[in-house]
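S.K.: With the sequence up front, the predicted model follows.
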Protein chains: 4
Amino acid sequence: MPKVSEEYKERKRELLLESALQCFSEKGYYATTIDDIAAYSKTSKGFIYNYFNSKEELYIALMEERTSRTFTALRERFATIEGATGKIKELFRMYREAKVGLQWQGLIRVHMEFWIHSARHENLRDIMVSRYKYQYRDFLKEIIEEGKASGEFEAHVDATVIASMFWGIIDGLSLHYSVIGDEYEYRSHFIQAEQMVLLYVGKK
Amino acid sequence: MPKVSEEYKERKRELLLESALQCFSEKGYYATTIDDIAAYSKTSKGFIYNYFNSKEELYIALMEERTSRTFTALRERFATIEGATGKIKELFRMYREAKVGLQWQGLIRVHMEFWIHSARHENLRDIMVSRYKYQYRDFLKEIIEEGKASGEFEAHVDATVIASMFWGIIDGLSLHYSVIGDEYEYRSHFIQAEQMVLLYVGKK
Amino acid sequence: MPKVSEEYKERKRELLLESALQCFSEKGYYATTIDDIAAYSKTSKGFIYNYFNSKEELYIALMEERTSRTFTALRERFATIEGATGKIKELFRMYREAKVGLQWQGLIRVHMEFWIHSARHENLRDIMVSRYKYQYRDFLKEIIEEGKASGEFEAHVDATVIASMFWGIIDGLSLHYSVIGDEYEYRSHFIQAEQMVLLYVGKK
Amino acid sequence: MPKVSEEYKERKRELLLESALQCFSEKGYYATTIDDIAAYSKTSKGFIYNYFNSKEELYIALMEERTSRTFTALRERFATIEGATGKIKELFRMYREAKVGLQWQGLIRVHMEFWIHSARHENLRDIMVSRYKYQYRDFLKEIIEEGKASGEFEAHVDATVIASMFWGIIDGLSLHYSVIGDEYEYRSHFIQAEQMVLLYVGKK
DNA sequence: CATGAATGAGCATTCATTCAT
DNA sequence: AATGAATGAATGCTCATTCAT
């Protein structure tokens, strides 16, 4: 059945990524087996290894796919938003309004799980730290600096640390929500966090 | 009349808990084997199972020990601190000045790891959620309410959510530090977080 | 009328055989995968299966090709050599002067490996035993008998056993060299083996 | 069932070694699975890993056990044999009279298989080469030198090469026998090899 | 013809837990 | 009480072979 179109392969790849997403989200990174993903995608173990060399690689691909998609959408949306404050608000809005639920909780958990997993493996950690610094932190840092330049934010705030702290807060609240579940007043937390952050960086 | 004294058992229990702490911190929850702990404590597998019925139970005991010790120490220290603001500051100071390092990173990671693990198991999650609500959150909630009562803090802040958010921030920053490692400006993050939180809850 | 000429097929077959030789020599019979050979020959798995029905068959074809070529060359060369002693010497000379090295070691190993492999499979073994008897042993047996007839060799030696023993010696020394590697005094061993054999069969 | 006697453990170890011997001999090194050995020994996979850390290690232990036993017996027997010639003859006699048969053939094959296997793995090869040089070769080298000293053998023969060649011959003939099987005139080959070797090293 | 996608049996190794001694 | 021997389910990954395109 060979010499299949690029488009076909892309479709299959997506199928695997989507299946992996479901499985990882449901059972976590460690507990998900390649067989689970094969079963879910109604393909086979070997099939998966045609696309990804290891479970780890599969997870990384999944993560990168999602991150890249997220940031692309983010930049697009931000292009139409005037001012740093507006952008920060939009960012919070996105998290606040996220389609939370079981699947979302699972995704946060597996994300954190892998993040921790990576801390214990040299190579992986380098990848994750780079992503953190150059994708997440710098993305926000630019916005903070924009705010400082425009006079929206206090001039003396340390953009790098603020940016980093922002993600720390997001991850902390998300993690708690992912474990506590529906009892966690997810929206309230994010609303207050937003006010808190904006008050802190804003001109007094 | 038991063959071994209660005191002996307590000592052994501590030994196991301490050993488990070292092992978990170093290799993580999943990667640590009962054999590791037996070897570290120079006892045996069977011995460990005399004190704890499973790896999971051992971890929980360890966590409870540490939490209870932490909160006891905390309450003690707080008894001498006037005012809610001072208490919050002290709390931040404790985190900020924590003897960070490899072991500390390992502890945070295993803590988060288990926290995530628990989310996937009904019974465990109930335990963890209770701990979260009645130990962590309520502890802080009382302080916030003290601050509101004394007029240090804005009267309209939602003590429950603020308390919860506080721990979310702590965990978020800690988690990031535990993965990023020494490149992470740990103290800076906590200093800014403190300012941010206090600014937010304080009287304008 | 076939789409591709016989000559084309023959060329491709040679390509595959040559590629297989390289791969087997480098990694051994078991460790070499069909994919390796496809990659080396810049063809494809399916292509290879068009020419050979299995990895085993491919190896056999390779072996036969090489043996037949070897013996053809040998007979040619021997046609010009007077006397059995000269022929034996020439045979030793060939082994002694062989372009030894990593590749040569690899070839010997895979040869032995397959030889052993064949011993465990009825059909294969029959093939290998026939080859042994009718190609290798008989080839030398004729020379020994020539030597007996001409009076160069002792009349009472058992040509069959001597011939067989000769190959045993060659294989034994080769195998040792293939494992020991460059520390093995390859030439010395073959020189002494030659003296020993000739002394043994020669007239006293 | 713990704290079992050393003797018990030794017995179990022997059981595993014996079982491994049977399985390896029958199916070869690669084809034998740990499950095969567990089934044969009526124990379990985990049990085997209590005694040996890997299939490779198990094989090596087996090999060392056998070698050490062989050489011990050999040295014992040789203590009572006057003269180098007598010792060489005894060595040949032992091989010649070995209880050949299917099992013996299997053992030779797996021995050669592993020998070749080792050539492809740095660490393993070092072990095997050492064994070759310091156990096998040197053992015989001493005998040859004894023969030279006593005047039984020609003074100019190179003891090291002769010793090495001797084992090459033994292995070559054994290998051939192990593949050819009962059609191979095993005893005849060894008889002639003996005559050949003794004629070569002996005084003219 | 040629390709390479798809399959899935196969295997070494790990480890929490049990329980005989 | 304490030990550690014994178990066996579980899992990531490989690869010869097939066959649809």
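M.R.: Cool, the structure landed.
S.K.: how close does residue A:55 get to residue A:105?
M.R.: Using CB to CB, to the nearest Å, residue A:55 is found at 22 Å from residue A:105. Heads up, the C-betas are built off the backbone N, CA and C, glycines and all.
S.K.: Pick out whichever of the two has more residues nearby.
M.R.: For residue A:55 versus residue A:105, the count of surrounding residues by other CB atoms under 10 Å in any protein chain shown is larger for residue A:105: 23 against 18.
S.K.: residues contacting the residue nearest the centre of chain A?
M.R.: Centroid-nearest residue in chain A, with CA atoms, centre = their mean: residue A:67, separated by 5.5 Å. For residue A:67, the contact set (CB atoms under 8 Å, 6 or more residues apart in numbering or on different chains) comprises A:131, A:135.
S.K.: what's the neighbour count on residue A:37?
M.R.: Neighbour tally, residue A:37, other CB under 10 Å: 24.
S.K.: need the longest helix for chain A.
M.R.: Looking across chain A with DSSP state H, the single longest helix is helix A:55-79.
S.K.: and the next helix or strand after it, what does it pack onto?
M.R.: With elements assigned by DSSP states H and E, the helix or strand that comes after helix A:55-79 is helix A:84-97. If contacts are counted by 3 or more CB pairs under 8 Å, 6 or more residues apart in numbering or on different chains; DSSP states H and E, helix A:84-97 sits against helix A:55-79, helix A:138-150, helix A:186-201.
S.K.: With DNA strand E in mind, check whether the first one reaches it.
M.R.: No: applying CB under 7 Å from any atom of the strand, one finds that helix A:55-79 is not in contact with DNA strand E, the shortest distance being 13.6 Å.
S.K.: Shouldn't residue A:39 be within a helix?
M.R.: Yes: applying DSSP: H, G, I helix; E, B strand; the rest coil, one finds residue A:39 inside a helix.
S.K.: Count the residues that sit near it.
M.R.: 14.
S.K.: which stretches of chain A have low pLDDT?
M.R.: Along chain A, the parts satisfying pLDDT under 70 run over A:1-2.
S.K.: which parts of it sit against DNA strand F?
M.R.: By the rule CB under 7 Å from any atom of the strand, the part of chain A lying against DNA strand F is A:1-3, A:31-35, A:45-46, A:49, A:53-56.
S.K.: Was I right to think residue A:28 contacts residue A:114?
M.R.: No: assessed by CB atoms under 8 Å, residue A:28 is found out of contact with residue A:114, at 9.3 Å.
S.K.: Neighbour count: those two, which is higher?
M.R.: Using other CB under 10 Å, the more surrounded residue of residue A:28 and residue A:114 is residue A:114, with 21 against 18.
S.K.: helix, strand or coil for the closest residue to the more buried one other than its chain neighbours?
M.R.: Distance criterion CB to CB, 6 or more residues apart in numbering or on different chains; nearest residue to residue A:114, sequence neighbours excluded, is residue A:29 at 5.2 Å. Residue A:29 falls in the coil class when you classify it by three-state DSSP.
S.K.: Could you do residue A:157 as well?
M.R.: Here residue A:157 is coil, with the state taken from three-state DSSP.
S.K.: Quick one: residues contacting it.
M.R.: A:144, A:148, A:200-201.
S.K.: give me the residue from chain A nearest chain B.
M.R.: Here the residue of chain A nearest chain B is residue A:172; by CB to the nearest CB that distance is 2.3 Å.
S.K.: do you know how far that residue is from DNA strand F?
M.R.: Residue A:172 is 29 Å from DNA strand F, where distance means CB to the nearest atom of the strand, to the nearest Å.
S.K.: Help me confirm that that residue comes into contact with residue B:170.
M.R.: Yes: judged on CB under 8 Å, residue A:172 makes contact with residue B:170 at a distance of 7.1 Å.
S.K.: Settle it for me: which of the two has more neighbours?
M.R.: Taking neighbours as other CB under 10 Å, residue A:172 and residue B:170 compare with residue A:172 leading, 24 against 19.
S.K.: Leaving out sequence neighbours, find the closest residue to the more buried one.
M.R.: Spatial nearest neighbour of residue A:172, chain neighbours left out: residue B:172 (2.3 Å); criterion: CB to CB, 6+ apart.
S.K.: So that neighbour belongs to a helix, correct?
M.R.: Yes: counting by three-state DSSP, residue B:172 falls inside a helix.
S.K.: Can you give me the domain boundaries for chain A?
M.R.: As assigned by automatic domain parsing, chain A contains the domains A:1-59, A:81-201.
S.K.: could you redo those as JSON lines and give each row distance to residue D:17?
M.R.: Listed next are those as JSON lines, based on distance: least, CB to CB, whole Å:
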{"stretch": "domain A:1-59", "distance to residue D:17": "35"}
{"stretch": "domain A:81-201", "distance to residue D:17": "37"}
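S.K.: Ramachandran angles for the closest residue to DNA strand E within chain A?
M.R.: Chain A approaches DNA strand E most closely through residue A:46 (1.8 Å), counting by CB to the nearest atom of the strand. The phi/psi pair for residue A:46 (degrees, to the nearest 10) reads phi -60, psi -40.
S.K.: ok, it - contacts?
M.R.: Per CB under 8 Å, 6+ apart, neighbours of residue A:46: none.
S.K.: From residue B:183, how far off is it?
M.R.: According to CB to CB, residue A:46 and residue B:183 sit 40 Å apart.
S.K.: Over to residue A:137?
M.R.: Between residue A:137 and residue B:183 the computed distance is 11 Å (CB to CB).
S.K.: And the two? Which one has more around it.
M.R.: Remark: of residue A:137 and residue B:183, residue A:137 carries more neighbours, 22 against 10, as counted by other CB under 10 Å.
S.K.: wait, that one sits on residue A:167?
M.R.: Yes: assessed by CB under 8 Å, residue A:137 is found in contact with residue A:167 at 6.7 Å.
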